[in-house]
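A.B. asks: need a 3D model of the sequence below.
(one chain, ligands or ions: 1)
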Amino acid sequence: MTKVAVLTSGGDSPGMNAAIRAVVRTGIYYGMEMFGIMRGYNGMLEDDIFPMNSRSVANIIQRGGTILKTARSKEFFTYEGRQKAVANLEKRGINGVVVIGGDGSFTGALKLSTEFNIPCIGLPGTIDKDLYGTDFTIGFDTAVNTAVEAIDKIRDTADAHDRLFIVEVMGRHAGYIALHSGISTGAENILIPEAETNIEEVIASLSEKEKRKKLVNLIVVAEGDEFGGANQIAKIVKERLPHLDTRVSILGHIQRGGSPSAMDRLIASRMGYHAIESLMEGRHNVMVGVLNNEIAYTPLEIAIREKQSISSDWLRIVKILAS
Ligand code: ATP
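C.D. replies: A predicted model of the protein is given here:
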């Protein structure tokens, strides 16, 4: 393994730069030639590939976003597109690719390896934490901290006005940001795609708490919950409990941005280092994850296929702590 390229693909997440830095510097340490590919698989297709050295990744560990940019590529879904992309790798003699992204990006990487025999390593770069085989994904911790900071502020104003705020956080298919930020901010209810919501129970608990004058001012909803997000929940609550002063706040893209937390920088650095080690040891087509604080390798097809389950304990904690 002498020539390795790195790319970021799919949705961006804070900490991707720290991962790029770790991949490039570890590769150089071991005498590899390193390349960056711009805008995910688009750059591979359009031959936007350039050599990287230690200096190319200077002063980026603290920066959000990704210096390699990220994108989604329709053409890469086709075999002909992938053939074109691989030709650009082959003409430079690139014989290993590190893909930083989510499950879609890993599916692309798996195709590169099965169809064209290009060894690939996946690093989980997504704020959603929706990949099997890792306790953390790069960007998740920062996204949760951003949400917590924003929700704390909303709570202050909610409290001052005795308002109920329904706050929507990111997570189309995964409720981890909602769960972690909701528990950390003392939410009354947390609504996530992985668990069925009994809306009658939510209404009943709001009115019961109102009766005993317990201040209830926060519900956290993942954007992909079964009702379709905070606006839909607010509509139901307003219909059923019209006297409550109910407001909605949708946090949106602030959750993707910002300087990565120490935790995200740390896991990105560890994962980037192990991506190169893994290629050198011939452990190909795996995702590098962290399980119980140990580095864990999961075959890409399993990381994509298996779903993380949310233990019912989590929701029980929410219920008990909000009583
Ligand atoms: P996020 O979790 O943030 O959405 P992701 O990696 O899942 O990130 P996707 O948009 O699903 O993001 O995928 C990124 C890119 O990976 C796609 O634009 C495409 O180029 C490639 N890709 C995804 N699925 C496939 C597939 N089935 N075959 C080939 N390439 C794919």
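
A.B. asks: stretch 91-98: end-to-end distance?
C.D. replies: End-to-end distance of stretch 91-98 (CA to CA, to the nearest Å): 18 Å.

A.B. asks: may I see the buried residues of that stretch?
C.D. replies: By neighbour count on 16 or more other CB atoms under 10 Å, the buried set for stretch 91-98 is 94, 95, 96, 97, 98. Using the backbone N, CA and C atoms, a C-beta is placed for each residue, glycine as well.

A.B. asks: what average pLDDT does that stretch get?
C.D. replies: Mean pLDDT, computed over stretch 91-98, is 97.

A.B. asks: can you give me the offset of that stretch from its chain's centre?
C.D. replies: 26 Å (CA atoms, centre = their mean, to the nearest Å).

A.B. asks: the buried residues of stretch 91-98: which two are farthest apart?
C.D. replies: 95 and 98 (12.2 Å; CB to CB).

A.B. asks: quick one: residues contacting residue 264.
C.D. replies: Shown in contact with residue 264 (CB atoms under 8 Å, 6 or more residues apart in numbering): 14, 15, 18, 138, 139, 140, 141, 142.

A.B. asks: which one (most neighbours) among these?
C.D. replies: Within the contacts of residue 264, neighbour counts (other CB atoms under 10 Å) peak at residue 15, which reaches 36 neighbours.

A.B. asks: quick check: that residue touching residue 139?
C.D. replies: Yes: in this structure, residue 15 is within contact of residue 139 by CB atoms under 8 Å, at 5.1 Å.

A.B. asks: give the residues shared as contacts by those two.
C.D. replies: Shared contacts of residue 15 and residue 139, defined by CB under 8 Å, 6+ apart, comprise 125, 260, 264.

A.B. asks: quick check: which element contains the second one?
C.D. replies: When elements are assigned from DSSP states H and E, residue 260 belongs to no helix and no strand.

A.B. asks: and it, how many neighbours?
C.D. replies: 28.

A.B. asks: looks like it contacts residue 144 (just checking).
C.D. replies: No: contact criterion CB under 8 Å: residue 260 and residue 144 do not qualify, at 12.0 Å.

A.B. asks: which one of the shared contacts of residue 15 and residue 139 is nearest the ligand?
C.D. replies: residue 125 (7.8 Å; CB to the nearest ligand atom).

A.B. asks: on that earlier part again, quick check: neighbours shared by residue 95 and residue 98?
C.D. replies: Shared contacts of residue 95 and residue 98 (CB under 8 Å, 6+ apart): residue 4.

A.B. asks: for the stretch 51-200 of the chain, what lies in contact range of the ligand?
C.D. replies: 72-73, 76-77, 101-105, 107-108, 111, 126, 128 (CB under 6 Å from any ligand atom).

A.B. asks: weed out the non-buried ones from these.
C.D. replies: 72-73, 76, 101-105, 107-108, 111, 126, 128.

A.B. asks: need the max-distance pair from these.
C.D. replies: Farthest pair in those, by CB to CB: 111 and 128, 22.0 Å.

A.B. asks: any chance of the buried ones among the residues of the stretch 51-200 of the chain next to the ligand in JSON lines with secondary structure and pLDDT as columns?
C.D. replies: Converted to JSON lines, these look like this (DSSP: H, G, I helix; E, B strand; the rest coil; pLDDT from 0 to 100):
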{"residue": "72", "secondary structure": "coil", "pLDDT": "92"}
{"residue": "73", "secondary structure": "coil", "pLDDT": "94"}
{"residue": "76", "secondary structure": "helix", "pLDDT": "97"}
{"residue": "101", "secondary structure": "strand", "pLDDT": "97"}
{"residue": "102", "secondary structure": "coil", "pLDDT": "95"}
{"residue": "103", "secondary structure": "helix", "pLDDT": "94"}
{"residue": "104", "secondary structure": "helix", "pLDDT": "95"}
{"residue": "105", "secondary structure": "helix", "pLDDT": "97"}
{"residue": "107", "secondary structure": "helix", "pLDDT": "97"}
{"residue": "108", "secondary structure": "helix", "pLDDT": "97"}
{"residue": "111", "secondary structure": "helix", "pLDDT": "97"}
{"residue": "126", "secondary structure": "coil", "pLDDT": "96"}
{"residue": "128", "secondary structure": "coil", "pLDDT": "93"}
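
A.B. asks: switch these over to TSV; also include distance to residue 160.
C.D. replies: Listed next are those as TSV, based on distance: CB to CB, whole Å:
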residue	distance to residue 160
72	42
73	48
76	50
101	42
102	39
103	42
104	43
105	44
107	48
108	49
111	54
126	36
128	32
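
A.B. asks: out of those, who's nearest residue 192?
C.D. replies: Out of these, the member with the shortest distance to residue 192 (by CB to CB) is residue 128, at 11.5 Å.

A.B. asks: once you drop chain neighbours, what's closest to the closest one?
C.D. replies: residue 174 (4.5 Å; CB to CB, 6 or more residues apart in numbering).
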